[in-house]
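Asks: Sequence plus the predicted model coming up.
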Amino acid sequence: MPLQDDHKRRLTRLFIIANRLEQDEPVTRDALAVACGCSRRTIARDLDFLKEAGVELAYDARRHTYALEAPLPFQSVQFSLAEVMALAVAQEALLSQKGLPFEASLRAAFGRVTARVPPRLREALTETQNIFSFGARLRRDYTGSPSEPLTQATRRCETVEMHYHTLSRDEWTLRRVDPYALVERNGYLNLVGYCHRRHEVREFALDRIRAPRTTGETFALPAGFCLEEYMSGSVATLRGAMTSIIVRFESALAPYARRRQWEFRHDFEELNDGSVLLRGVVSGTEGIRAELLSWGAGIEVLEPQSLRETMRLTGAAIAANHESSTEKTAPPRKTRSGSHPTPRSKPESAKTLKNA
C-alpha cells in the first residue's frame, strides 16, 4: 500500500481536528486547514464526515467557528474485562520500552483510560500488568529525539533542515531532507527521507538528528514510492544491493529458524538429516551477517560465496582473539620445609613481551 494514501491522510486529519475541538475553544475552518496542512474544502468534507459519524458540532455563522455541542461519542465507550486486560498488556508492552518517543503522552492517555474504568476492573488492570513482562526492545534512548517536529513535517510533506551526526566520520553536517516516514527496525528508530545532499532516499538514525526546522517548502512523494518495498529485504537498519542467500541451519536450530520472523521474503527446505535450508533475498549482506553470527556454529552459509568467505574470516578472527588471551599464572607452591620451589621458566609469550 502506498505511503500516506488518502485513507491515512484522512485519519491523521481527523485526529488533529478532534484534538482541537476537545480544547473547548471554538475553532475556524481556516485554523483547522493550517493545522492539517490542507485546503478549507478538505476540512469541510472532514467535518461533514464527523457529523455523519455522530459527532455533534455547533457552527457559529457570525464568527465562522466550530465547537462541540456534546462530548465525543467515543468518550463513553464501555470496556469489558477482556478488553481491559488487553489494554493492560498493550500498556505494559509499550511503556516497558525505555527511551520511547511520546512516552509522556502515552502515559497520560493510558491514565485517562484507567481513570474511567470502574474500581473492580481497575484492579484487574493492575493484576494483568503484574502478570505480563516485556523486555525493552528499543536499543537506544529516544526520549530526547526530535520525533514530534519530524512527525509534523512528515505529515505535512514539508522539507526540513537538520544537523546530522555521521558516526563513521564523527562529524556533523547540515542536511536538507524530505521526510517520508519514521520507521522502527530491530529496535532502532530511523527517519526515511530524500536527502538533497546525496540525491537519494536514505535512512537517518533518529537519535543522531538535532534541531530540525521546516524550510517553508513542500514536496510530493515520488510516484509509486512504497515504504514497504523500500524496506523490503533489509535486516536491522542496513541496506544494500539485493542479494540471494542460502543458509543451512543444523537440526537442533531448525525449529527456531522456522519460528523466527525474518524481515525478508524467504522459504525453507527440509533436509533428510533434520536440518533446513533458508532461501531468501536480502538488501545487502551486512545486516544478515550480524544476524547469522548470533546463531553460533550451528549455521553454514552456502550462498553467496562472498558472504560465506566473510563469515569464515570473521569466525577465524574471533577464534584468534580468544586464543591470544593471557594465561593465568598460578600462585607459587610451597615445599614441605616452607621454602619456595625453584621458579619455572617463563612462557615464550612473556619473554617476547619483555623483549618488545
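Replies: Everything's here; your move.
Asks: quick one, what contacts residue 13?
Replies: 36, 38, 42-43, 46 (CB atoms under 8 Å, 6 or more residues apart in numbering). Bear in mind the C-beta positions are built from the backbone N, C-alpha and C, glycine included.
Asks: let's see 10 Å
Replies: 32-33, 35-38, 42-43, 45-46, 49, 155 (CB atoms under 10 Å, 6 or more residues apart in numbering).
Asks: In PyMOL, select just the buried ones from those.
Replies: Listed next is the PyMOL selection for buried residues among the contacts of residue 13, using 16 or more other CB atoms under 10 Å:
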select buried, resi 32+33+35+36+37+38+42+43+46+155
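Asks: Lowest pLDDT pick from the contacts of residue 13?
Replies: Within the set of these, pLDDT is lowest for residue 37 (79).
Asks: Skipping its backbone neighbours, what lies nearest that one in space?
Replies: residue 156 (3.7 Å; CB to CB, 6 or more residues apart in numbering).
Asks: tell me the pLDDT at that neighbour?
Replies: Reported pLDDT for residue 156: 86.
Asks: count of residues packed around it?
Replies: 16 (other CB atoms under 10 Å).
Asks: Which parts of the chain are helices?
Replies: With DSSP state H, the ranges of helices along the chain come out as 6-21, 29-36, 40-52, 81-95, 103-115, 119-131, 147-156, 227-231, 254-259, 286-293, 305-323, 348-355.
Asks: rank the ones you listed by pLDDT, which is bottom?
Replies: Among the helices of the chain, helix 348-355 scores lowest, at a mean of 32.
Asks: Residue 67: what's it in contact with?
Replies: Contacts of residue 67 by CB under 10 Å, 6+ apart are 21, 23-27, 56-60.
Asks: Nearest to residue 254, out of those: which one, please.
Replies: Among the contacts of residue 67, residue 21 lies closest to residue 254 (CB to CB), at 55.4 Å.
Asks: rewinding a little: of the helices of the chain, which is nearest residue 184?
Replies: Per CB to CB, nearest to residue 184 of those: helix 227-231, 10.5 Å.
Asks: quick one: contacts for residue 41?
Replies: Contacts of residue 41 (CB under 10 Å, 6+ apart): 29, 33.
Asks: I'd like the distance between it and residue 220.
Replies: Using CB to CB, to the nearest Å, one obtains 19 Å as the distance from residue 41 to residue 220.
Asks: I figured residue 252 was touching residue 298, is that so?
Replies: Yes - the criterion here is CB atoms under 10 Å, and residue 252 meets it with residue 298 at 6.2 Å.
Asks: Residue 267 pairs with what?
Replies: Beta bridges link residue 267 to residue 279, judged by DSSP bridges.
Asks: For it, the count of nearby residues, please.
Replies: 8.
Asks: Look up how far residue 257 lies from it.
Replies: 12 Å.
Asks: What is the neighbour count of residue 283?
Replies: So residue 283, with other CB under 10 Å, has 21 neighbours.
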